[in-house]
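Student: Quick one, structure for this:
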Amino acid sequence: MKERIILSLSTLDDVDFIVNKKTCASLWPFEDFISSDKEAVRKNVVEKINSDWYKQYIIKLDDPERTPIGELHIHWYVKERGSWEIGYCIFPEYRGQGYCVEAAKIALRYAFEDWNAHKVVAMCNEFNISSYKVMERIGMVREGIFREELSWQGKWVNQFFYSILDSEFRKRNINS
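Tutor: This next block holds a predicted model:
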């Protein structure tokens with residue numbers, strides 16, 4: 001099946017776009033704090049773009065315009081253990097169409113095939129059903145629940161912790 005999206009590795013030319021998305025609270029409804037300090041976010045984004053431990057992508061439609069529809073980041077979680085952490089956001093008008101699953105599968109392929117990851121992890125607010133459904137659709141397993149880990153909307157909520165191992169990824173791709 002032809003992929004409908006591409007992951008475009010961010011460059012310094014993309015900093016303003018990324019900063020605008022990372023400071024837009026409406027894109028992150030399951031996060032309690034989204035910084036509005038664009039200069040601080042900009043400094044952080046530039047630092048990460050120039051690093052070898054953090055990969056920032058813009059998710060784009062594979063169309064002539066290369067329409068941006070979201071962002072995905074993947075970074076070392078615990079380097080010594082060969083683990084990476086993935087996170088993503090699809091813009092509201094493109095949600096529910098499978099684009100995030102496609103993007104996350106591409107990122108997993110990079111992690112396991114290109115970067116020799118042993119494990120990829122992801123976490124989400126227990127109420128972020130769409131996010132944990134993406135994790136499950138790409139073969140991640142819920143390893144645990146961090147009880148009352150996140151402050152969200154004035155109350156403490158649980159955080160789900162998911163992972164996929166390189167052996168699970170390889171087995172899944174051989175059988176699919």
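Student: Okay, now the unreliable bits of the chain?
Tutor: Residue ranges of the chain with pLDDT under 70: 1, 174-176.
Student: Do a quick rundown of the strands in it.
Tutor: 5-9, 54-61, 68-78, 83-90, 119-125, 141-152, 155-165 (DSSP state E).
Student: I'd like those laid out as JSON lines, including mean neighbour count and distance to Ala103.
Tutor: No exception for glycine: its C-beta is placed from N, CA and C like everyone else's. Shown next, in JSON lines, are the strands of the chain (neighbours: other Cβ atoms under 10 Å; distance: least, Cβ to Cβ, whole Å):
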{"stretch": "strand 5-9", "mean neighbour count": "18", "distance to Ala103": "6"}
{"stretch": "strand 54-61", "mean neighbour count": "20", "distance to Ala103": "5"}
{"stretch": "strand 68-78", "mean neighbour count": "19", "distance to Ala103": "5"}
{"stretch": "strand 83-90", "mean neighbour count": "21", "distance to Ala103": "6"}
{"stretch": "strand 119-125", "mean neighbour count": "22", "distance to Ala103": "13"}
{"stretch": "strand 141-152", "mean neighbour count": "13", "distance to Ala103": "20"}
{"stretch": "strand 155-165", "mean neighbour count": "17", "distance to Ala103": "15"}
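Student: wait, which of those is closest to Glu102?
Tutor: Closest to Glu102 of those, according to Cβ to Cβ: strand 5-9, at 5.2 Å.
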